[in-house]
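Asker: 3D model of this:
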Amino acid sequence: MQNQSKDPLHGITLQKIVEILVDYYGFDTLGELIPVKCFISNPSVKSSLTFLRKTDWARKKVEELYIKTLPKLN
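Answerer: As a prediction, this is how the structure comes out:
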């Protein structure tokens, strides 16, 4: 039996996380839940990824929201 990581972020890219959250919440709700400009002003997945890759605290909030959202996705 292989040891599988229990980390829900293991093996998933930031792009996939953002795409899942945008599909589930939309940019309007994402902007309310995580009030950062990349989700509020002229949002796109590409601009969000650029910002999140440079900004650790914002990426951490997105990852935390993804983990909280996982049970709702199944």
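Asker: Give me the contacts around the longest helix anywhere in the chain.
Answerer: Taking DSSP state H as the criterion, the chain has its longest helix at helix 14-33. Outside of helix 14-33, the residues within contact range by Cβ atoms under 8 Å, 6 or more residues apart in numbering are 9, 39-40, 43, 45, 48-49, 52-53, 59, 62-63, 65-66, 69, 72-73. All C-beta spots, glycine's among them, are computed from the backbone N, C-alpha and C.
Asker: do you know how far residue 7 is from residue 41?
Answerer: 32 Å (Cβ to Cβ, to the nearest Å).
Asker: and if you look at residue 51?
Answerer: 11 Å.
Asker: And residue 8, by the same measure?
Answerer: In terms of Cβ to Cβ, residue 8 sits 29 Å off from residue 41.
Asker: ok, residue 51 and residue 41, which is more surrounded?
Answerer: residue 51 (15 against 10; other Cβ atoms under 10 Å).
Asker: from memory the more buried one sits against residue 34, does it?
Answerer: No: assessed by Cβ atoms under 8 Å, residue 51 is found out of contact with residue 34, at 11.0 Å.
Asker: which neighbours do those two share?
Answerer: residue 58.
Asker: which regions of this protein sit below the pLDDT cut-off?
Answerer: 1-4 (pLDDT under 70).
Asker: Fine, thanks again, bye for now.
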